[in-house]
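K.L.:
Fold the following for me, if possible:
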Amino acid sequence: MSEQVRYITNEEGERVGILLDLAAYHRLTNPLAMDEECLISLSQDELQALADSMLAPAAQNQLDDMLIQNAESQLSPDEIANLDRLLAQVDQLTILKTRARYTLHCLNNLATVA
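P.N.:
Predicted coordinates for the structure are as follows:
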């Protein structure tokens with residue numbers, strides 16, 4: 001870190017200021033940017049909306065019906081492929097919701113430290 005930090009001293013040799021390289025400055029001013037899981041480009045309201053989001057009612061109803069039919073082995077190969085796509089969408093939504101909650105948690109931790 002000695003290359004990232006340089007001190008400014010007065011005539012008496014006392015440290016009166018500090019110079020940081022740009023990368024160190026960015027780490028200090030936006031610590032969440034270093035965490036790949038954080039959704040840093042969203043506002044807190046947007047993060048909360050995403051964290052609370054749900055699958056569209058029509059898609060949820062379709063998924064519920066298809067899961068019941070699948071449990072009874074009543075789906076055609078095309079319907080199974082459609083079910084797999086819906087389940088993949090649910091998985092992606094769950095990941096995004098989790099990342100939004102995690103980002104909100106990190107922001108709350110930063111607010112309590114500050």
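
K.L.:
Every contact and neighbour count from this point should use C-alpha atoms.
P.N.:
Fine.

K.L.:
can you pull out the helices in the chain?
P.N.:
22-29, 44-51, 57-71, 77-113 (DSSP state H).

K.L.:
Now render those as JSON lines, adding mean neighbour count, mean pLDDT and distance to residue 36.
P.N.:
JSON lines is the format used below for those (neighbours: other Cα atoms under 10 Å; pLDDT from 0 to 100; distance: least, Cα to Cα, whole Å):
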{"stretch": "helix 22-29", "mean neighbour count": "12", "mean pLDDT": "79", "distance to residue 36": "13"}
{"stretch": "helix 44-51", "mean neighbour count": "16", "mean pLDDT": "97", "distance to residue 36": "15"}
{"stretch": "helix 57-71", "mean neighbour count": "13", "mean pLDDT": "95", "distance to residue 36": "30"}
{"stretch": "helix 77-113", "mean neighbour count": "15", "mean pLDDT": "94", "distance to residue 36": "10"}
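
K.L.:
Of all those helices, which one is nearest residue 10?
P.N.:
Of all the helices of the chain, helix 22-29 sits nearest to residue 10, with 22.5 Å by Cα to Cα.

K.L.:
Give me the contacts around that closest one.
P.N.:
Here helix 22-29 makes contact (Cα atoms under 8 Å, 6 or more residues apart in numbering) with 4, 33-34.
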